[in-house]
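In: Predicted model follows, preceded by the sequence.
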Amino acid sequence: MSDVTEAEAPETLDLLPLDAWHRARGGRMVPFAGYEMPVQYEGIMAEHLWVRESAGLFDVSHMGQLFLSGDNLDVELEKLIPADVAGVKVDGQKYSLLLAENGGILDDLMFTRWAGGEQGGPGTGGIYMVVNGACKWDDIAHLREHLPDEIDINHMDEHALLALQGPKAVDALSRIVPGVEALVFMRGGRFDWGGTRLWISRSGYTGEDGFEISVPAEHVAALADALTAQPEVKPIGLGARDSLRLEADLPLYGHDLDPETTPIMAALNFAVASKRRREEANFPGAERILVERENGPIQRRVGLIVEGRQPVREGAMVLDDEGNEVGRVTSGGFAPTVQKPIAMAYVPTGQAEIGTRVTLSQRGKIHHGEIVAMPFVPHRYVRQSKI
């Protein structure tokens, strides 16, 4: 659990809109990203496997939900992130990165184009953006500093965010919100649930099919009740969210990604896939990132299978043949689906080939592993409509 707990809790922790709901259902609360959040209910292993087989409900209301609008928004936002913002159609969703001037990653994020009238008043279209909870205040400050005054940034702190994940998520959600079954991966839409307006996208951070649901905080408990009343759905905590995303090769900001890590080092080359953006090269750190894309970075994020049953954790060292540290593990744990210890680590690019044997040191104990292809568990996203 080293990947989902903070070393030092802040003096005061914020409470999620569902705080009482979690406690009433036996959620064990821990400090995370400035909030008290449920780490588990019945156990991480059981919750992990339930999501892989059925559907789990995650409370991710600690994340920052933002709505950006104003003239020349696409042009101005493209000065801060490497994505082809202009090419995203209405209700289309894309993963991207907020970059520092040196090309390092300040945060990773998801954004969607909303049509006029969806938010901020009649006729107002814009970008809905979800950023990491631990970074949201820094992200908002960064956006306010670097975007022109004509761009409005609305922090949607009156909204909660739920993630329903797993192969049976569509069965459960379509029962109470008909029409969501028509969505495909990385597409969203507005839906009405008993008079409450929801924004739902077919996305998530587990590698499974699923949905993320933005809901007014005053209605989130009723929605959580309606979802967990479905036989496929159980509440799931942070512990299983961490092990699920690790199996799915989904990096966690503050662990696998940070301001010293570029998209190419992080094996997120797809985040700079737009030919137009590469040719324009007007995003932060473009020169460095494009050189790394062409020639390779000094280090690269890789996946490891660790021998034995003992997992290695964040901070474990990757050693060369002489016992010198050449890399470091950034996430690690026992993978319930794989039934083996797995990890992500940064290693020299010359030693990043699949099949390469590695030696690891954790608290003075030596472990052995092998670099393998990621994801460890295949993604099961729904990319084409089945109706």
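Out: Nice, I can see it. Here the structure is a predicted model, which means the values were calculated and not measured. Residues are numbered from 1 along each chain as shown.
In: element containing the one residue sitting closest to the centre of the chain?
Out: The residue lying closest to the centre of the chain (CA atoms, centre = their mean) is residue 205, at 5.1 Å. Under the criterion DSSP states H and E, no helix or strand holds residue 205.
In: wait, doesn't it sit right on residue 251?
Out: No. Counting by CB atoms under 8 Å, residue 205 sits too far from residue 251 to count as a contact (10.0 Å). All C-beta atoms are positioned from the backbone trio N, CA, C, and that covers glycine.
In: picking up where we left off before, the residue nearest to the centre of the chain: what's it in contact with?
Out: Neighbour list for residue 205: 163, 165, 241, 244-245, 248, 250 [criterion: CB atoms under 8 Å, 6 or more residues apart in numbering].
In: what pLDDT does it get?
Out: pLDDT, residue 205: 97.
In: any idea how far residue 127 is from residue 27?
Out: The gap separating residue 127 from residue 27 is 33 Å, by CB to CB, to the nearest Å.
In: now residue 239
Out: Residue 239 is 11 Å from residue 27, by CB to CB.
In: so what sits against both of the two?
Out: 39-40.
In: Can you tell me which of the contacts of residue 205 end up in helices?
Out: 241, 244-245 (DSSP state H).
In: now these as TSV including neighbour count, distance to residue 45 and pLDDT?
Out: Formatted as TSV, those follow (neighbours: other CB atoms under 10 Å; distance: CB to CB, whole Å; pLDDT from 0 to 100):
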residue	neighbour count	distance to residue 45	pLDDT
241	30	13	98
244	30	12	98
245	21	16	98
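In: Name the nearest of these relative to residue 48.
Out: Closest approach between the ones in helices among the contacts of residue 205 and residue 48, by CB to CB: residue 244, at 6.0 Å.
In: Just read off the phi/psi values of the closest residue to the closest one other than its chain neighbours.
Out: Distance criterion CB to CB, 6 or more residues apart in numbering; nearest residue to residue 244, sequence neighbours excluded, is residue 206 at 4.1 Å. In terms of degrees, to the nearest 10, the main-chain angles of residue 206 are phi -120, psi -10.
In: What is the burial count for residue 206?
Out: 27 (other CB atoms under 10 Å).
In: Enumerate every residue touching it.
Out: 51, 163, 165-166, 241, 244-245, 248, 250.
In: roughly how far apart are it and residue 304?
Out: Counting by CB to CB, the gap from residue 206 to residue 304 is 20 Å.
In: do residue 173 as well
Out: In terms of CB to CB, residue 173 sits 35 Å off from residue 304.
In: Low-confidence ranges, the stretch 151-300 of the chain, go.
Out: Residue ranges of the stretch 151-300 of the chain with pLDDT under 70: none are present.
In: for the chain, what spans make up the helices?
Out: For the chain, the helices defined by DSSP H occupy 19-24, 44-53, 73-77, 136-146, 169-176, 220-228, 238-247, 275-280, 286-295.
In: Ok, which of those comes nearest residue 375?
Out: Using CB to CB, the nearest of the helices of the chain to residue 375 is helix 238-247, at 6.6 Å.
In: got the angle for the closest one vs helix 44-53?
Out: 60 degrees (axes from the mean of the first three to the mean of the last three CA atoms, to 10 degrees).
In: For helix 238-247, which helices and strands make contact with it?
Out: Packing partners of helix 238-247 (3 or more CB pairs under 8 Å, 6 or more residues apart in numbering; DSSP states H and E): strand 35-40, helix 44-53, strand 325-335, strand 340-348.
In: Show residues contacting the longest one.
Out: Defining contact as CB under 8 Å, 6+ apart, one finds that strand 325-335 is touched by 3, 242-243, 246-247, 251-252, 255-256, 299, 301, 304, 306, 309, 311-320, 340-348, 351, 360-362, 376-377.
In: Perfect, that will be all.
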